[in-house]
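Chemist: Everything below, folded, please.
(chains A and B)
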Amino acid sequence: MRARVVWRLSCLSMLSLSTLSGCAVSPLSQRAATFSTAASATVVKMQSAYQLVETTYEEAAMASLVNQFDMKGFDPASIQPFIPAADMKARTELMSALQQYATLLAEVSGSSEVTELDKESEALGTNLEAMAKDAPLTALAKNANMESGVASAAVDALGRVLIEKRTAKELPSILESAQKPIDTICTLLGQDIGTPEGTGLRNELRDKYVELIADQRTYILANEAKMSPDEKRTEIGKLPQLVTAEKQGDATLEQTQKALQQLAATNDVLTQTKKDKDAPAFRALVTQMVAQGQQLGAVYAAASAASAKKQ
Amino acid sequence: MATDPAIPTTIPTTKAAAQALLDKLYAANPITLGDSEAISDAVAEVNVILTQLNQEDIASRTGAMQAVAADLKDPVKKLGELKDQLTQVASRVKTLGDIAKDIDSVIGGCKSVFGI
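Modeler: Sure, this is the predicted structure:
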């Protein structure tokens, strides 16, 4: 008799548990959590990628300044970062916003504990609302050939999404509200990266390396008579290193650009499948997004290793 | 008979001419100090011109032309001064081709667009 009661209670509790877990983790929540993890990892790599391109460029520019000392002296004003601090801040904040959006999705889909996330979201949302009126965002939009009003509206809208208090049942409305701003921000950052032959950061990076390579060749020819064979060998060896650094910097930016496109496309499909139980299109895209993130990680690691080797 | 490249009359075409000139200078492989110096100097000036044109191009898309004409005067003048020297370099470095015409195209574009 007692055994039968225990068995019945066990069945009941198992049923309750499965019902509860079924309610707590809907298919959409599961997908949002998967997207959140992939998006978070990708954005971290993007931030590192920008930093690496900047560091590599600065190292090359410093070496060039040292080489030119005998011919041109030293002008402190010539020490310029590849991306000025204020312009970089605009890009960093937009990437932080993408990161916080991913965190918000994890929070409302129940895969992350609600701790200080609300406060972080609120603070970042407020920053974004302020940033929507800032000059660096306008400059970034212009560089990306985008109407500054469009960029400003997207940043402001995402800021509002992050500020509002959210619960799990609001996940579909969060996705809907954030879809367009996320698309616009990813497009903005992607167009800002540009192409090597045309516009944007990739073009600027290429042209700057052309100058560094020309200067290094002139330095060798101007000083070769005074160099030992080993010194000459070292200086000549820097020429292919500069070519490699430029190619790796460009590849890092290109992969970042592709990762941004993938993030936006996956977020679009996630939003479109909010009522679906199964979403094969989303699964395919999120798999591609993870692969894209890994590819960016690999390009970043190669560029990082090359940079460390030079030091 | 090759025809002279038309002088650009807009910012994008002037920018394209400057980018083409920079690419040509990059492809050159000088082996003497004098030639290398001339190419390095020209690369630096074309890069300054490109930076100014980029800023102006960005500003013009929003209808707010900046006063970059003053900033362009110096690099345009220096590039002009390098023309004879680079023409001589081109007699030894064949990839430079008719570099004088390319330089004229960039200088002419800057002058026609900004009235320098």
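Chemist: Which neighbouring elements make contact with the longest helix belonging to chain B?
Modeler: Identified as the longest helix of chain B according to DSSP state H is helix B:33-61. Judged by 3 or more CB pairs under 8 Å, 6 or more residues apart in numbering or on different chains; DSSP states H and E, helix B:33-61 is in contact with helix A:135-143, helix A:200-223, helix B:11-27, helix B:69-92, helix B:99-114. For the C-beta atoms, the positions are set from N, CA and C on the backbone; glycine is no exception.
Chemist: for A:E211, what are its contacts?
Modeler: If you count contacts by CB atoms under 8 Å, 6 or more residues apart in numbering or on different chains, A:E211 has them with A:64, B:40, B:43-44, B:47.
Chemist: Just the closest of these to A:G198, please.
Modeler: The closest of the contacts of A:E211 to A:G198 turns out to be B:N47 (CB to CB; 16.0 Å).
Chemist: what sits against that closest one?
Modeler: A:207-208, A:210-211, B:22.
Chemist: where along chain A do the helices fall?
Modeler: Using DSSP H, helices in chain A cover A:2-24, A:27-67, A:69-72, A:85-108, A:117-131, A:135-143, A:148-163, A:171-193, A:200-223, A:229-272, A:280-310.
Chemist: want to throw those helices into CSV with mean pLDDT?
Modeler: Shown next, in CSV, are the helices of chain A (pLDDT from 0 to 100):
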stretch, mean pLDDT
helix A:2-24, 44
helix A:27-67, 84
helix A:69-72, 78
helix A:85-108, 87
helix A:117-131, 77
helix A:135-143, 80
helix A:148-163, 87
helix A:171-193, 91
helix A:200-223, 90
helix A:229-272, 93
helix A:280-310, 83
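Chemist: now the contacts of A:E211 in CSV, with distance to A:V44?
Modeler: As requested, these are arranged in CSV below (distance: CB to CB, whole Å):
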residue, distance to A:V44
A:S64, 31
B:S40, 39
B:V43, 36
B:A44, 37
B:N47, 33
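Chemist: Now flag whichever of the residues you listed is closest to A:D278.
Modeler: B:N47 (54.1 Å).
Chemist: Just the pLDDT at the closest one, thanks.
Modeler: For B:N47, the pLDDT comes out at 90.
Chemist: could you measure it against B:D35, distance?
Modeler: 19 Å (CB to CB, to the nearest Å).
Chemist: How far away from the center of its chain is stretch A:259-276?
Modeler: Distance, stretch centre to chain centre, for stretch A:259-276: 16 Å (CA atoms, centre = their mean, to the nearest Å).
Chemist: Give me the residue ranges of chain B where confidence is low.
Modeler: Applying pLDDT under 70 to chain B picks out residues B:1-5, B:57-68.
Chemist: Return the residues of chain B in contact with chain A.
Modeler: Residues of chain B lying close to chain A (CB under 8 Å from any CB of the partner chain) are B:19, B:22, B:25-26, B:30-33, B:36-37, B:39-40, B:43-44, B:47, B:50, B:54, B:58-59, B:61-62.
Chemist: Show the buried residues in the residues you listed.
Modeler: Neighbour-count burial (16 or more other CB atoms under 10 Å in any protein chain shown) is assigned, among the residues of chain B next to chain A, to B:19, B:22, B:25-26, B:30, B:33, B:36-37, B:39-40, B:43-44, B:47, B:50, B:54, B:58-59.
Chemist: re earlier: I'd like the helices and strands packed on helix B:33-61 as CSV, with distance to A:Q100 appended.
Modeler: Below are the helices and strands packed on helix B:33-61 laid out as CSV (distance: least, CB to CB, whole Å):
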stretch, distance to A:Q100
helix A:135-143, 17
helix A:200-223, 23
helix B:11-27, 37
helix B:69-92, 39
helix B:99-114, 43
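Chemist: So for A:T256, which of these sits nearest?
Modeler: When the helices and strands packed on helix B:33-61 are compared by CB to CB, helix A:200-223 sits nearest A:T256, at 9.5 Å.
Chemist: how big is the angle separating the closest one from helix A:85-108?
Modeler: 140 degrees (axes from the mean of the first three to the mean of the last three CA atoms, to 10 degrees).
Chemist: from the middle of its chain, how far away would helix A:200-223 be?
Modeler: The answer for helix A:200-223 is 27 Å, by CA atoms, centre = their mean.
Chemist: Next, the angle from that helix to helix B:33-61.
Modeler: Using the same axes, to 10 degrees: helix A:200-223 against helix B:33-61 is 160 degrees.
Chemist: Find the closest residue to chain B in the stretch 51-200 of chain A.
Modeler: Nearest to chain B in the stretch 51-200 of chain A, going by CB to the nearest CB, is A:K142, at a distance of 4.3 Å.
Chemist: Quick check, that residue in contact with A:G149.
Modeler: No - using CB atoms under 8 Å, A:K142 makes no contact with A:G149, being 11.7 Å away.
Chemist: Looking at these two now, which is surrounded by more residues?
Modeler: A:K142 (21 against 11; other CB atoms under 10 Å in any protein chain shown).
Chemist: any idea how far the closest residue to A:T92 other than its chain neighbours lies from A:I79?
Modeler: Nearest residue to A:T92, sequence neighbours excluded (CB to CB, 6 or more residues apart in numbering or on different chains): A:Q47, at 6.9 Å. In this view, A:Q47 and A:I79 are 23 Å apart by CB to CB.
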